[in-house]
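>>> coords please:
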Amino acid sequence: MRPLLASQDFALVESSPRQRALRTAQLAGFQPAVDEDLAEWDYGELEGLTAEEITSRYPGWTIWEGPWPGGERPEEVAARAERVAGRVLALPAGGKALVFAHGHILRALAACWLGRPIVDGRLFALGTATVSTLGWEHDQPAVHHWNVPPGFSGARPAPGAPAVG
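Numbers count the residues shown, from 1 in each chain. Predicted coordinates:
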């Protein structure tokens, strides 16, 4: 990711407090501010279980529809995503943001950015170590790039667009 992001100027660079996100940011050449709002969805009692183990207990379970015993509910994750989006929107005109985080919170952030319910985050498949760019199409929130591998040359953030990494 370093070559892809090195030529960009970011007014805000934040990371989840989790080591994998912080380490990714460092490997990409950044020393981000730690933002608890970018932590991955808290699975509560289900933390550390595989999807197969969870669905054996709760048939049909998804993180988007629960249940969430002892974990975060979607509205709590949505509130965190909305705070992140609010900080990005508060940047001076043309200011770009770069965040390093995890699959579910980034998918929730995309849904929030687009003004969609958090459950719509389920529609945004997201792989590891990919680059996604949220921005504007005229005056409407838009997805510019999503789930792009770092070596893909078309993944550069658009001028004035916040990047999600």
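>>> residue nearest the centroid of the chain?
In the chain, the residue lying closest to the centroid (Cα atoms, centre = their mean) is residue 106, at 1.8 Å.
>>> touching the host helix or strand of it from outside, list them.
Using DSSP states H and E, residue 106 falls within helix 103-113. For helix 103-113, contacts defined as Cβ atoms under 8 Å, 6 or more residues apart in numbering pick out 16, 38-41, 63, 74, 77-78, 80-82, 84-85, 99, 101, 117-124, 126, 128, 132, 134, 141, 143, 146, 164. Every C-beta, even on glycine, is put in place using the N, C-alpha and C of the backbone.
>>> quick one: distance of the longest helix belonging to the chain to the chain centre.
Looking across the chain with DSSP state H, the single longest helix is helix 74-89. Distance of helix 74-89 from its chain centroid, counting by Cα atoms, centre = their mean, to the nearest Å, is 10 Å.
>>> which other helices and strands contact that helix?
strand 12-15, strand 97-100, helix 103-113 (3 or more Cβ pairs under 8 Å, 6 or more residues apart in numbering; DSSP states H and E).
>>> how about residue 17: what's its closest non-neighbour residue?
Nearest residue to residue 17, sequence neighbours excluded (Cβ to Cβ, 6 or more residues apart in numbering): residue 34, at 4.9 Å.
>>> what's opposite the one you found in the beta bridge?
Applying DSSP bridges to residue 34 gives these bridge partners: residue 15.
>>> how close does it get to residue 21?
9 Å (Cβ to Cβ, to the nearest Å).
>>> sorry, back to before: got the CA coordinates for the helix holding residue 106 in CSV?
Provided in CSV are the C-alpha atoms of helix 103-113 (Å, rounded to 0.1, in the frame of the first residue of the first chain):
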residue,chain,number,x,y,z
GLY,A,103,-14.0,-5.5,7.7
HIS,A,104,-17.2,-5.1,9.5
ILE,A,105,-16.6,-1.6,10.8
LEU,A,106,-15.5,-0.4,7.4
ARG,A,107,-18.5,-2.0,5.8
ALA,A,108,-20.7,-0.2,8.4
LEU,A,109,-18.8,3.1,7.6
ALA,A,110,-19.6,2.7,3.9
ALA,A,111,-23.3,2.1,4.6
CYS,A,112,-23.2,5.2,6.9
TRP,A,113,-21.4,7.3,4.3
